[in-house]
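In: only the shape, not the letters, is given here:
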């Protein structure tokens, strides 16, 4: 059976993963607004408006800062995942049964696996966002391509519903959320 210190550590990790997911969503909402302004400015520049130049420069700096914030959030997720893996390793070193539930039903490996899945999904999503920003800043002007970029930013195709559901299950398991 896991001890209280381990349980507390796992609860803190689950809470921090949830906070990271919320921060990511907030950044994504900000990014949608900034990317939309940038796309509109790019299209205005393409149509010959001088107003678009200032908006492009302003949006460019904001998107670059936002990418840094996404990166810091991902670093936190990676750190939490590493922390959970170390708890699994500690249990193995102690000779504890890996199938033993940490709280009610889920073993420690389920917590670490969820964090690994989050790390992978958020890494891929960050890579997509970097590619979108890169193309926008290089002056992509095709209206249809710009629409696809905005759609990808909005829908975050690499963040799977499965991982969100897993995180919810972990929060419930850890007693941080009621069913």
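Out: Thanks, I have it. Note that the structure is predicted; figures quoted are calculated from it, not measured.

In: gap between the residue sitting nearest the centre point of the chain and residue 80?
Out: Of all residues in the chain, the one closest to the mean position by Cα atoms, centre = their mean is residue 122, 4.1 Å from it. Relative to residue 80, residue 122 is positioned 11 Å away (Cβ to Cβ, to the nearest Å). In this view, the C-beta of every residue, glycine as well, is placed from N, C-alpha and C.

In: again with residue 104
Out: Taking Cβ to Cβ, one finds residue 104 at 21 Å from residue 80.

In: cool, residue 176 as well?
Out: Residue 176 is 14 Å from residue 80, by Cβ to Cβ.

In: of these two, which one has the most company?
Out: Set residue 176 next to residue 80 and count neighbours by other Cβ atoms under 10 Å: residue 80 wins out with 23 against 13.

In: return the helix or strand in this structure with minimum mean pLDDT.
Out: helix 51-94 (a mean of 90; mean pLDDT, DSSP states H and E).

In: average pLDDT for the helix or strand following that one?
Out: Counting by DSSP states H and E, the next helix or strand C-terminal to helix 51-94 is helix 108-137. Average pLDDT, helix 108-137: 95.

In: what's helix 108-137 packed up against?
Out: helix 4-46, helix 51-94, helix 143-155, helix 161-173 (3 or more Cβ pairs under 8 Å, 6 or more residues apart in numbering; DSSP states H and E).

In: to residue 131, which of those lies closest?
Out: Smallest distance to residue 131 across these (Cβ to Cβ): 9.0 Å, for helix 143-155.
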